[in-house]
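Novice: Predicted model and sequence below, questions to follow.
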Amino acid sequence: MKCLAKTVLAALFVCCLAAGASAGEKLRIAFLFQDLETEFWVAGHQAITETLRGQGIEVIEFNSNQDANRQLEQLRSAINQRVDGIMVIPHDGNVAVTMGKLANRANIPYGVFNRPPSSKDIQAVVVVADNRTIAAAAVEYMCEEALKLGRKFTPAIVVGDLADPNAVERRNGFYDAVNNPKYKDLWIDKPIEIMSKWDANVLTQNFQSAMQANPDIDFLFTSSDFLIPNIKAVLAPLGKWEKVGHPKHVIFGGLDGDKTACGQIEEGYLDSTGVQDVFAEAEMLMNALVAAIQKGDTKPNEWLYDPGFALTHGNFGDRCQDMWGCKLMFEERGK
Amino acid sequence: MSAQIEYKTEAGWRRWLRRILASEFFVLYLTIAYVLCLSPWIPYFWSMGNLTDILSNTWPLLVIAVGQTFVLIIGGIDLSQTSVLAFASIVGAALICTSLEPYIFSKCVMWGWIVAEDGGILAHSTAGFVLAIAIMLGCGMFVGLLNGISVAAFRMPAFMVTLVTMMMFSAVALYLAGSENIMHLPDEFVLLGDSYDLVSVPMFIAIGVTILAHILLRRSLFGMQVYAVGVNPMASRISGVPVRRVIILAFVISGLCAAIGSILYTARFEMGRPTLGATMLMDVVGANVIGGVSLSGGKGKILWAVFGVLFFVILANTLNFLNLSFYTIDLVKGVVIFGAATLDVVRGRIAQAS
């Protein structure tokens, strides 16, 4: 019996050593993401994991399923696994700061994808779209289309989670365009803000209420394309989901550049969308993080911007191949 | 002769299994066995960092689970603990934050009278800080009182009452903060959640709460009354137990513990979050069930809740290390809770038989 116990203990010890030894050979990067519920996050997840694995890097994935506390615990778990680098799609910009402090303290290079930290107190590689410029470009096209119709409009914006700097910058971009003196005579009133909190259910309820209170809304910008199906679900029963050129068409724009947006522009329901290049963003983040790891820089601090562009009903034929959502859509059609 | 030895061995083995299953340390044994089986495959399990991590995840959950134990023993359930986490978090953070961004918060209902650009009304003073903590605790006790009165005085089912208060106070938290996180908490407050060492402030708070709860439950008249109400409220009433008061107090303790948990989580996050704890209910109830606290009331100990929380946290920790997908993790957690509930029934029968 004693002999058996000793053998079992020895086997356990060897297993520990073997597992420990096998852990240090490859570059290991922990990738923490909040969920895979929208096309953008699915594409972002795919782009990051494929890019990393393509470089021979071991990716340790953690999905927090929209639980910020779980994401924080997962980060601590990643730190304890002594990974070489950490890439995060954080729950929100505030959580990105809390997690960044932990990664900085553990001297592990920390990269944030797309949802930037709400403060620059931490040291991180941050890849983010130039949301303000992209949103302004998309809304400017909408304004130009509105000008052509020669009448006044009731503008509205679907706002994201204002704890997320992306949402703040997209809102700022919208106002940059709408407040341009060139368009000052276009508006009946100030823009109506509809809160979504990046939650489709919240948006549906708030948008339904907004349309009840302001049935004249005919100029609408959504801060994210993933909300388009919910917006359609509210507009269609009101007879306002019509194609470009129809008298009841709501001039409609978005931001992200996902598959749904591509399809809606192609069909004529959406006027424009701001496009971030999710694949290029993933590559930028990976390159910066891997370079820092190889240099031994444990606290790289760099903000990288994706300039993006606006895909519109007007330039769809020329530029649709540059939009990640269209690429995915065309790939699926090809299959 | 050999058949007799075999019979004796089998009987001994069964007796041993029965003793293990009936033991109040069963979950602790299970935890040790689980760790021994799995740790060879997890090279970093025994690292100081991971042990610290396990403990830091244990303390806030333990405090909340201890509160839930009181309600479970009286035969109720407190679903509203998660909303207390969010409600107290937002109220406390709003009172003591040192600054706020007007472009985010100027439309929030608290702006101008509780919070402003230079922070909350109780910020920048020690007395204010202490008062804010007391108000956070008060928030939890208030929700608990509301639950307790509804259950005890109006005879409403605990499940329904606490489900409603969960919805109400989650909504209140979102309304108060305008759905935003409240950052910029003072360093003294953040220190309360600082758990980067084996010995930490949350450890002292959690152990203190646990010992107090244990004494209250096992060494006081109130504790005996809690068990009596859980076993048979009607008989307790006839025997002179103040059933209503016991039920109300159990819910108040649950709310208070949730508020203490809220303080620890808020400090750990370094922010007040209106969605804090939204997905934590399964962890709290699950840890109690795993520990052996009965959902039908009358049975449970603080020590069991401690073992349950420890097992639950170690389970989550090891599943993270195995790099499983989130649905596998939730699936495993669900199976474990189901297994624990089934085992509870088996253990109950064994106890009855012996």
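Specialist: Sure thing, it's come through.
Novice: A:Asp128: which element?
Specialist: Small correction: residue A:128 is Val, not Asp. Per DSSP states H and E: A:Val128 is located in strand A:125-129.
Novice: Centre of the chain to that strand, how far?
Specialist: On the basis of Cα atoms, centre = their mean, to the nearest Å, strand A:125-129 sits 11 Å off its chain's mean C-alpha point.
Novice: could you say what helices and strands it packs with?
Specialist: Of the remaining helices and strands, those touching strand A:125-129 by 3 or more Cβ pairs under 8 Å, 6 or more residues apart in numbering or on different chains; DSSP states H and E are strand A:110-113, helix A:165-178, helix A:278-295, strand A:302-306. All C-beta atoms are positioned from the backbone trio N, CA, C, and that covers glycine.
Novice: Show me the strands paired with the last one, marking each as parallel or antiparallel.
Specialist: Okay, so that is strand A:302-306. Partner strands for strand A:302-306, per DSSP bridges, with pairing direction: strand A:125-129 (parallel).
Novice: Rounded mean pLDDT for the partner strand, please.
Specialist: Computed over strand A:125-129, the mean pLDDT rounds to 91.
Novice: okay, the angle between it and helix A:278-295?
Specialist: If you take axes from the mean of the first three to the mean of the last three Cα atoms, to 10 degrees, strand A:125-129 sits at 170 degrees to helix A:278-295.
Novice: Compute the inter-axis angle for strand A:125-129 and helix A:165-178.
Specialist: Angle of strand A:125-129 versus helix A:165-178, following the same axes, to 10 degrees, is 40 degrees.
Novice: picking up where we left off before, outside of the strand holding A:Val128 itself, list whatever touches it.
Specialist: Outside of strand A:125-129, the residues within contact range by Cβ atoms under 8 Å, 6 or more residues apart in numbering or on different chains are A:109-117, A:165-166, A:274, A:276, A:281-282, A:284-285, A:288-289, A:292, A:300-306, A:308.
Novice: re earlier: quick one: closest of the helices and strands packed on strand A:125-129 to B:Gly292.
Specialist: Closest to B:Gly292 of the helices and strands packed on strand A:125-129 is strand A:110-113 (Cβ to Cβ; 41.2 Å).
Novice: what's the offset of that closest one from the middle of its chain?
Specialist: Per Cα atoms, centre = their mean, the centroid offset for strand A:110-113 relative to its chain is 13 Å.
Novice: same thing with stretch B:288-303?
Specialist: In this view, stretch B:288-303 has its centroid 13 Å away from the chain centroid, taken as Cα atoms, centre = their mean.
Novice: Show me the strands in chain B, by range?
Specialist: All strands of chain B, identified by DSSP state E, fall at B:115-116, B:119-120.
Novice: Dump the ones you listed into CSV; add mean neighbour count as well.
Specialist: Shown next, in CSV, are the strands of chain B (neighbours: other Cβ atoms under 10 Å in any protein chain shown):
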stretch, mean neighbour count
strand B:115-116, 21
strand B:119-120, 24
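Novice: In CSV, list those along with distance to chain A and mean pLDDT.
Specialist: Written out in CSV, the entries for these read as follows (distance: least, Cβ to the nearest Cβ, whole Å; pLDDT from 0 to 100):
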stretch, distance to chain A, mean pLDDT
strand B:115-116, 15, 90
strand B:119-120, 16, 91
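Novice: For these, could you give me TSV that also reports distance to B:Gly49?
Specialist: Below are these laid out as TSV (distance: least, Cβ to Cβ, whole Å):
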stretch	distance to B:Gly49
strand B:115-116	37
strand B:119-120	34
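Novice: closest one to B:Leu85 among those?
Specialist: Checked against Cβ to Cβ, the stretch from the strands of chain B lying closest is strand B:119-120, at 18.9 Å.
Novice: who touches that closest one?
Specialist: Strand B:119-120 is contacted from outside by B:93-100, B:114, B:132, B:184, using Cβ under 8 Å, 6+ apart.
Novice: and what of stretch A:65-76?
Specialist: Applying Cβ under 8 Å, 6+ apart, the contact partners of stretch A:65-76 are A:30, A:32, A:34-35, A:37, A:62, A:64, A:86, A:88, A:90-92, A:95, A:98-99, A:102-103, B:49, B:53, B:56-57, B:265, B:268-269, B:273, B:275-280, B:316-317, B:320, B:326, B:330.
Novice: Enumerate the residues of the stretch 101-250 of chain B near chain A.
Specialist: Neighbours of chain A within the stretch 101-250 of chain B, by Cβ under 8 Å from any Cβ of the partner chain: B:103-104, B:179-181, B:183, B:196.
Novice: try 10 Å
Specialist: B:101, B:103-105, B:107, B:174, B:177-184, B:190, B:195-196 (Cβ under 10 Å from any Cβ of the partner chain).
Novice: Which single residue of the stretch 101-250 of chain B ends up nearest chain A?
Specialist: Closest approach between the stretch 101-250 of chain B and chain A, counting by Cβ to the nearest Cβ: B:Asn181, at 4.5 Å.
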